[in-house]
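**Q** Need coordinates for the below:
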Amino acid sequence: QLQLAESGGGSVQPGGSLRLSCTASGLSLDRVGIGWFRQAPGKEREEVSCISSSGSTINRADSVKGRFTISRDIAKNTVYLQMNSLRPEEAGIYYCAEVYGSCFQELHVGTWGQGTQVTVSS
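**A** Okay, here's the model as predicted:
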């Protein structure tokens with residue numbers, strides 16, 4: 001049974017960087033896609049980035065293109081989200097989740113992690 005655990009959240013100033021980690025257990029990441037999502041207070045959950053089981057990546061949110069990078073380390077069974085030039089409006093809880101099928105179409109999501117808090121404030 002797949003389980004996901006996020007880490008790496010914290011507090012940064014606007015323009016700062018964070019790297020989030022999503023460590024999987026119960027299934028190898030070369031057999032499952034992983035998506036990053038975020039939810040700001042009072043807002044709906046938003047798709048951020050996705051990496052497929054084959055390693056193809058896509059930033060799902062236009063606002064993060066050129067600033068966020070999703071990657072993975074199969075040996076560590078971990079997916080990363082490198083976030084640069086963070087903006088105050090990007091604060092919230094960041095979740096990783098299992099993605100069925102393609103990252104390049106409507107995402108179909110299964111197992112969720114518990115989330116990690118990101119604060120962007122001066």
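**Q** Please point out which parts of stretch 96-115 sit buried.
**A** 96, 97, 98, 99, 102, 103, 107, 109, 111, 113, 115 (16 or more other Cβ atoms under 10 Å). Backbone N, C-alpha and C define where each C-beta goes, glycine included.
**Q** Grab the nearest non-local neighbour of the last one.
**A** When you say that, I think you mean residue 115. Spatial nearest neighbour of residue 115, excluding adjacent residues (Cβ to Cβ, 6 or more residues apart in numbering): residue 93 at 4.2 Å.
**Q** how deep is the one you found tucked in, by neighbour count?
**A** Number of residues near residue 93 (other Cβ atoms under 10 Å) recorded here: 17.
**Q** Just checking: what are the partner strands of the helix or strand containing it?
**A** Element membership for residue 93 (DSSP states H and E) is strand 92-100. If you go by DSSP bridges, strand 92-100 pairs up with strand 33-39 (antiparallel), strand 108-112 (antiparallel), strand 116-120 (antiparallel).
**Q** Give me the mean pLDDT for it.
**A** Mean pLDDT, strand 92-100: 97.
**Q** my read: residue 77 touches residue 31, true?
**A** No: with contacts counted by Cβ atoms under 8 Å, residue 77 stays clear of residue 31, the gap being 10.5 Å.
**Q** Among those two, which residue is more densely surrounded?
**A** residue 77 (16 against 9).
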